[in-house]
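S.K.: give me the fold of what follows.
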Amino acid sequence: MNTNQDFENYQKAKKQVEEIKGFYSHLTFFIIFNAIIIFINLKYSPNHLWFFWTTFSWGIGLFFHALKVFNWFPFFGKSWEEKKMQQFIEEEKNKQNKYQ
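M.R.: Alright, predicted model coming up:
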């Protein structure tokens, strides 16, 4: 049994859970805050719907946060990052072996 690998897997899983919790906190705050500004906008200036810009802009950020957390990026996802890191590690090892 590889305890080092188990520990690494545990750390990755823990980090993923923390990222998901962070996203859901972000989503909750987004919903609450936007409900408040929509209420304020419709109550005090219903002829000028300014809440849309805040909701839309923040929604774009929330969307990209979800893409990152749930690894929906077709490129530049976590697997891409790991492959790139492995590539750079191998290149560095090859350079060191070349000069030794």
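S.K.: and residue 39, what's its pLDDT?
M.R.: As summarised for this prediction, residue 39 has a pLDDT of 97.
S.K.: also the one 10 residues further on?
M.R.: Looking at residue 49, its pLDDT reads 95.
S.K.: and residue 49, helix, strand or coil?
M.R.: coil (DSSP: H, G, I helix; E, B strand; the rest coil).
S.K.: excluding covalently adjacent residues, which one is nearest to residue 67?
M.R.: In this structure, residue 67 finds its nearest non-sequential neighbour in residue 73, 5.5 Å apart by C-beta to C-beta, 6 or more residues apart in numbering. Yep, even glycine has a C-beta here, placed from its N, CA and C like the rest.
S.K.: quick check: the one you found touching residue 65?
M.R.: No: here residue 73 lies out of contact with residue 65, judged by C-beta atoms under 8 Å, at a distance of 11.8 Å.
S.K.: can you map out the helices along the chain?
M.R.: Ranges of helices in the chain, per DSSP state H, are 3-44, 51-69, 78-99.
S.K.: packing partners for the second one?
M.R.: Applying 3 or more C-beta pairs under 8 Å, 6 or more residues apart in numbering; DSSP states H and E, one finds that helix 51-69 makes contact with helix 3-44.
S.K.: tell me the angle the helix it packs on makes with helix 78-99.
M.R.: For helix 3-44 against helix 78-99, the angle by axes from the mean of the first three to the mean of the last three C-alpha atoms, to 10 degrees is 140 degrees.
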